[in-house]
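**Q** only the shape, not the letters, is given here:
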């Protein structure tokens with residue numbers, strides 16, 4: 001039934017983009033021949049002069065939705081805010097949804113579109129300064145995408161079509177992404193949902209969705225259907241392309257940023273993966289993320305010296321270059337806190353929680369931008 005509702009919803013979104021564009025709309029919505037039915041959304045910084053020859057660092061984003069629902073437009077507010085605030089071109093990739101397109105179909109979609117965008121010489125992308133970010137299921141795809149050989153070598157496996165065969169473009173090579181960013185990601189399908197629910201704190205004193213108990217964790221209710229829809233029968237759940245928590249550090253880009261929401265049943269697998277990739281002590285499944293008490297500060301992240309919430313490990317990579325792993329746990333927020341659509345739908349009755357989530361979204365965007373500009377792209 002949910003999949004059947006996607007058709008009118010997608011039609012509505014398309015009409016809205018044309019007739020009632022929002023202030024956060026992208027500058028370009030573009031369909032590439034390699035996946036014509038999956039248009040991408042491109043955001044230039046507000047202060048960027050499109051006639052300028054200057055190139056911009058690029059952040060690719062991949063939306064969430066548990067592999068079954070969602071659209072790139074749902075991240076317009078996040079993408080527009082990041083592009084305008086941090087002088088970055090942001091490209092929102094698209095992908096087919098399960099169960100009609102199970103693994104690895106969505107991963108192949110974002111691979112094809114990633115290369116198509118990089119090969120698009122009409123876009124002012126600094127191809128030496130790129131990064132891939134994803135939310136929820138999109139984080140899973142971002143980490144999977146960064147492991148693919150075509151992305152690591154920069155060799156596009158596709159011949160880009162043209163209406164005149166003579167002008168078809170052969171494969172070309174681009175630099176690999178410098179960083180990958182996981183935000184509230186679905187990273188490990190091997191851990192039962194019941195264990196995930198026990199590995200996060202519950203703070204009833206917060207009230208509203210933030211104060212719901214274990215039986216009301218909405219992500220915990222959705223994860224089984226997402227796994228059933230996305231994973232082919234009999235496939236190894238520990239496949240690093242399916243469960244990126246099992247990826248070897250050397251298979252990922254030099255720089256990795258892992259962010260999680262404290263009141264999210266997915267936070268523990270992000271914490272564990274970041275610890276493995278950063279060479280830090282790995283938490284046991286019974287170790288809950290964060291802390292039992294509510295944060296003392298509203299709208300703010302925790303102090304940088306609190307290693308349960310924030311740390312960075314810089315390292316030397318196998319090729320002799322420099323790399324880093326960054327961990328950030330956002331306190332007192334639930335899954336989807338950084339989505340404007342989610343905040344307006346589920347936190348509308350709790351103004352304090354909505355404002356807290358909005359302020360913490362801007363705060364972690366700032367942390368991400370400082371890491372990108374100060375560590376990754378310096």
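**A** In hand now; what should we look at? The model shown is predicted, which means the values in this text are computed figures rather than measured ones.

**Q** all helices of the stretch 51-200 of the chain, in order?
**A** Assigned by DSSP state H, counting those that start in this stretch, the stretch 51-200 of the chain shows helices spanning 76-86, 105-118, 137-147, 149-153, 193-198.

**Q** pick the most buried one from the ones you listed.
**A** Scoring those by mean neighbour count under mean count of other Cβ atoms under 10 Å gives helix 137-147 as the most buried, with a mean of 27. Backbone N, C-alpha and C define where each C-beta goes, glycine included.

**Q** how about the helices of the stretch 51-200 of the chain in JSON lines, adding mean pLDDT?
**A** Formatted as JSON lines, the helices of the stretch 51-200 of the chain follow (pLDDT from 0 to 100):
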{"stretch": "helix 76-86", "mean pLDDT": "99"}
{"stretch": "helix 105-118", "mean pLDDT": "98"}
{"stretch": "helix 137-147", "mean pLDDT": "99"}
{"stretch": "helix 149-153", "mean pLDDT": "96"}
{"stretch": "helix 193-198", "mean pLDDT": "95"}
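
**Q** all strands of the stretch 251-378 of the chain, in order?
**A** Assigned by DSSP state E, counting those that start in this stretch, the stretch 251-378 of the chain shows strands spanning 255-263, 310-316, 322-334.

**Q** make CSV from the helices of the stretch 51-200 of the chain and add distance to residue 279 to it.
**A** Shown next, in CSV, are those (distance: least, Cβ to Cβ, whole Å):
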stretch, distance to residue 279
helix 76-86, 28
helix 105-118, 27
helix 137-147, 18
helix 149-153, 21
helix 193-198, 24
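
**Q** quick one, which of the strands of the stretch 251-378 of the chain is packed in tightest?
**A** Greatest average neighbour count among the strands of the stretch 251-378 of the chain goes to strand 255-263 (a mean of 26), per mean count of other Cβ under 10 Å.

**Q** what pLDDT does the model give residue 169?
**A** Listed pLDDT for residue 169 reads 59.

**Q** tell me where the model's unsure across the stretch 151-300 of the chain.
**A** 159-172 (pLDDT under 70).

**Q** biggest helix in this structure by residues?
**A** As assigned by DSSP state H, the longest helix anywhere in the chain is helix 351-371.

**Q** what's the distance between the nearest residue to residue 350 once chain neighbours are set aside and residue 78?
**A** Leaving aside its sequence neighbours, residue 350 sits nearest to residue 208 (Cβ to Cβ, 6 or more residues apart in numbering; 3.8 Å). Counting by Cβ to Cβ, to the nearest Å, the gap from residue 208 to residue 78 is 22 Å.

**Q** likewise for residue 341?
**A** Applying Cβ to Cβ to residue 341 and residue 78 gives a distance of 10 Å.

**Q** for the residue nearest to the spatial centre of the chain, list the residues it contacts.
**A** The chain has residue 134 as the residue nearest its centroid, 1.1 Å off, counting by Cα atoms, centre = their mean. Counting by Cβ atoms under 8 Å, 6 or more residues apart in numbering, residue 134 makes contact with 61-64, 140-143, 181-183, 185.

**Q** and the strands of the stretch 251-378 of the chain as JSON lines, adding distance to residue 128?
**A** Shown next, in JSON lines, are those (distance: least, Cβ to Cβ, whole Å):
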{"stretch": "strand 255-263", "distance to residue 128": "14"}
{"stretch": "strand 310-316", "distance to residue 128": "20"}
{"stretch": "strand 322-334", "distance to residue 128": "15"}
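
**Q** excluding chain neighbours, what is closest to residue 255?
**A** With Cβ to Cβ, 6+ apart as the criterion, residue 255 has its nearest non-adjacent residue at 3.8 Å, and that residue is residue 179.

**Q** what's the burial count for the one you found?
**A** 26 (other Cβ atoms under 10 Å).

**Q** partner residues bridging it?
**A** Per DSSP bridges, the residues bridged to residue 179 are residue 131, residue 255.
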